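> structure, please.
(2 chains)
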Amino acid sequence: MAKSLLEMKQITKSFPGVKALDGVSFDLNQGEIHALVGENGAGKSTLIKILAGVYPHPEYGGEVVLEGSARRFASVRESEQAGIAVIYQELSLVKDLSVAENIFLGREPRRFGIINWEELYSRAQKLLDDLHLTIDSSSPVRNLGIGQQQLVEIAKALSQNARIVVLDEPTAALTDAEVETLFGILNDLRARGVAMIYISHKLDEVFHIGDRITVLRDGKTIDTTPASETDEPRVISKMVGRAVDQIFPDAKHDRGEVVFEVRNVTVEDPSVPGKLLVDQVGFTAHKGEVLGIAGLMGSGRSEILMAIFGAHPGRKSAEILVDGKQIQIAKPSDAIKHGIGFVTEDRKRYGLILDQTILKNMTLACLRRVSGRFVTNEDAEAAAGERAASDLRIKAPSVFTVAGTLSGGNQQKVVLAKWLLTNPRVLFLDEPTRGIDVGAKQEIYAQINRLAESGLAIVLVSSELPEVLGLSDRVIVLHEGRVTGEFTRSEATPEAVMSCATGHARRAA
Amino acid sequence: MSATAEQFPKARLKLRTSALRAYTMLLALLAIWLFFQWATIDQYHPYGLFLGAINFSKLLQQTAVTGVLAVGMLMVIVSGNIDLSVGAVVGLAGGIAAMAQGWGLVPCLVAAIAVGLLIGALQGTLVAYVNIPSFIVTLGGLQAWRGVILKLTKGATIPVELPFFRSLGREFLDRRIGLALAAISIAAIAWTNLRRNRARQRHGLKTLSVSAIVTRIVVPSIVIVAFIILMNKAGGLPIPVIFLVAVALAGAFLTANTTFGRYLYAIGGNPDAARLSGINLKRYILAAFCLMGALAGLASLLHTARVGSASPDAGTLMELDAIASCVIGGTSLMGGRGTVFGAVLGALILSSLDNGMSLLNVENWAQYVVKGGVLVAAVGFDMFGRRKG
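Below you'll find the model as predicted:
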């Protein structure tokens, strides 16, 4: 076996309340593409951020060894100087500068402090030509497609003499033709001896391009195998294998009549006209039932809820029925009026006003009903808020505590309380337990079951498969904006659902 | 500013700092007052001149215009926007009011407020519905409205001739009316406190002790009575001050006790969360600009009446005083944070500096430097306190 270029040994990293990495080991050889796979939250990004110097040395445990010598990167710059380049999912190009300017940003060839433009453009063009790219180095990045921008990022990495290139979900926004171009270049780089870490949810790609595959799960390395010695089902089972029953309380849901139905939901990407994020999806939600929507990143699972709720910025169309009657939802207040509640993902961005008190956050969506049409009644609010806080067991000194000071789990409960106070009949939950610890997760799970038992129809979207499987009575699976599978609780095994989610299999109900 | 949200023990500390901020501002104002009182001691004024009835009354009259504007500005800033056109609107509305005197008193007063309201509605529409940043819209307004003044008045200064119009800026209320107002306010304070306590009881919340209720009624009552006595010594309650108090009370009620106010803070604090909670952002941002415009119209009346004439450059730089008042009073220019109480206090701090330094014959250049320094220091102090909290 070739000598390791990079070794990461026994890496540990904790965030408040969560152990993100727990003794992860990972190695990379020269001229190798090593794929890193795992569910969301498995620790892939954290591992990469340690390698990239985003989390500097003393913040993590373990050892990073590059070409036999231990390295402790204190900053992104140090990591870059050691020849490590990370190409993140969100590209970091300056859109209004030219391709060449982007490639040499901060390292422009200059004489006496004055930029030598001829050299800049000729060197950039040579880099692009070496990669067999037909991109003009003087054209503004804004004019390039996402795929070409990705390739410019790779050229930039190579211009820094990167020996290790990390690609985080590089194909998420690419067309099939662009993916082919990318793979051609990656093969080329591999032949030149560049080592690459390839992070992707798309297992077919991983097997197509990867030499070895490492599976992470719950912050631990599960397994590293050569791609030729394993297959998709085996990798999937390693990704999901976990005792689900332990965390999820047994629940008996009495399925009632259909209260909510959507048909033909189609959602367009607001920044890429013509690209569909969700394509002709429909589902029904029954009273007293949890419907799970499973899907990987980019499957359209959040966009579908946003679109139904009237909050998607781009073009969309959908037929929405509440109690069998067709309704129109143009904006979130319409949805709320029709009894739809939406516990949005990313509580800090979409859910909470961190500066304000728990109480003001909880009553924001129901203010007129709970407090008053125009003049507010703080006492009525406080009474309603304290009831909700104790129902959900929000741990805080009082409802007048500022929301930003709460732990993640309690913040999530505040968002949940906000929507329960709108008296919904259908409750959308998008990533309801993201970034909170196991104890708080269990409490949220218990609340979800309690709400279903009380007759609410719940639509649960989560990137954590065990969560979807542990809570849902029915599961639909999305892959690239389309339904690829539908399961009842007993049929929904992690392997079967993951196969549909990765586009590997299809299954009708 | 990184909010380390996961750490729980900080909760209590942060609450305390937010309450402290109001007291700190009050203390800063008191310190400024006491300093000027001490600095104005001379052979004729053995106890100092600054806080004497005549000067104090004048100080409050000087605060009125900036204070009224600051209340409107606060609402705009809390919603995450800014209005730079305020000074020009004061000039234009005041000019139109002065020109409209021939139509009679009521049309001329209504005209000023209507002009402000219309401008606010126009600018608010451009910000909320056309999505042009408020900085740009109102920077354009700052220039355009000043141009309109020049066109309408042909550059001339128009004197205020209607006696009632003039009295808005200069007259005093009869002493007995002042005392009656004091009595009414005390009764109102007592009534709201008692009613509130009954309501708490009804909702099953903890009620206040008798001594706490008495304190909450007696302390403000003493302040009100002392204030009215002081004003009466200087001829009675000045009419501009009545407008300031009324606007401040209405603004405080609007921001703290209505759904409108709550939504404004939500929109400025986190527009995404506000939108997803079903709030119509555009409507409330438009409303904030309309209120700002109407208040600029009112301020233009007070200013024109006080000066006695409408000049083409009236109101110049007033927008910056209004913004500075808000900022000194703890308002975040990022939106979502600030109080009417703080904004009015900020206006009072600014006019106290103006008034006090003029009494001390501080040279003009030094006055500017001090006021600029106070603005930056107030925000620096706030940031420092926030980081620690």
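
> who does A:Leu216 bridge with?
A:Thr221 (DSSP bridges).

> and the helices in the stretch 101-250 of chain A?
A:117-130, A:146-159, A:176-191, A:203-209, A:232-240 (DSSP state H, counting those that start in this stretch).

> take those and lay them out in a markdown table including mean neighbour count.
Every residue, glycine included, has its C-beta placed from N, CA and C. Shown next, in a markdown table, are these (neighbours: other C-beta atoms under 10 Å in any protein chain shown):
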| stretch | mean neighbour count |
| --- | --- |
| helix A:117-130 | 16 |
| helix A:146-159 | 21 |
| helix A:176-191 | 15 |
| helix A:203-209 | 18 |
| helix A:232-240 | 19 |
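
> which of those sits closest to B:Ala182?
helix A:146-159 (68.8 Å; C-beta to C-beta).

> and the closest one, what does it pack against?
Counting contacts by 3 or more C-beta pairs under 8 Å, 6 or more residues apart in numbering or on different chains; DSSP states H and E, helix A:146-159 packs against strand A:84-87, helix A:99-103, helix A:117-130, strand A:164-168, helix A:176-191.

> CA atoms of that helix as PDB?
What follows is helix A:146-159 as a C-alpha-only set of coordinates in PDB (Å, rounded to 0.1, in the frame of the first residue of the first chain):
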ATOM      1  CA  ILE A 146     -22.400  27.000 -11.400                       C
ATOM      2  CA  GLY A 147     -20.500  24.000 -12.900                       C
ATOM      3  CA  GLN A 148     -17.900  26.200 -14.500                       C
ATOM      4  CA  GLN A 149     -17.500  28.200 -11.300                       C
ATOM      5  CA  GLN A 150     -16.800  24.900  -9.500                       C
ATOM      6  CA  LEU A 151     -14.000  24.200 -12.000                       C
ATOM      7  CA  VAL A 152     -12.600  27.700 -11.500                       C
ATOM      8  CA  GLU A 153     -12.400  26.900  -7.800                       C
ATOM      9  CA  ILE A 154     -10.400  23.800  -8.700                       C
ATOM     10  CA  ALA A 155      -8.100  25.800 -10.900                       C
ATOM     11  CA  LYS A 156      -7.600  28.200  -8.000                       C
ATOM     12  CA  ALA A 157      -6.800  25.300  -5.700                       C
ATOM     13  CA  LEU A 158      -4.200  24.100  -8.100                       C
ATOM     14  CA  SER A 159      -2.700  27.500  -8.500                       C
END
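
> now do it against strand A:164-168, angle only.
On the basis of axes from the mean of the first three to the mean of the last three C-alpha atoms, to 10 degrees, helix A:146-159 is oriented at 160 degrees to strand A:164-168.

> list the contacts of helix A:146-159.
A:85, A:87, A:91-93, A:99, A:102-105, A:107, A:123-124, A:127-128, A:130-131, A:133, A:135, A:141, A:144, A:165, A:170, A:173-175, A:178-179, A:181-182, A:185, A:189, A:194, A:272 (C-beta atoms under 8 Å, 6 or more residues apart in numbering or on different chains).

> and after the worst-scoring helix or strand of chain A on mean pLDDT, which helix or strand comes next?
In chain A, no helix or strand scores lower on mean pLDDT, DSSP states H and E than helix A:232-240, which sits at a mean of 80. Once helix A:232-240 ends, the next helix or strand along the chain (criterion: DSSP states H and E) is strand A:258-268.

> for the next helix or strand after that next one, what is the average pLDDT?
Going down the chain from strand A:258-268, the next helix or strand is strand A:276-286, by DSSP H and E. The average pLDDT within strand A:276-286 is 93.

> what do you get for stretch B:192-199?
For stretch B:192-199, mean pLDDT rounds to 85.

> pull out the buried positions in that stretch.
Neighbour counts using 16 or more other C-beta atoms under 10 Å in any protein chain shown place B:Asn193, B:Arg196, B:Asn197, B:Ala199 of stretch B:192-199 among the buried residues.

> and chain A, which of these contact it?
Restricting the buried residues of stretch B:192-199 to those within reach of chain A (C-beta under 8 Å from any C-beta of the partner chain) leaves B:Arg196, B:Ala199.

> what does the stretch 401-509 of chain A have sitting close to chain B?
Within reach of chain B by C-beta under 8 Å from any C-beta, the stretch 401-509 of chain A has these residues: A:Thr401, A:Val402, A:Gly404, A:Thr405, A:Leu406, A:Ser407, A:Gly408, A:Gln411, A:Lys418.
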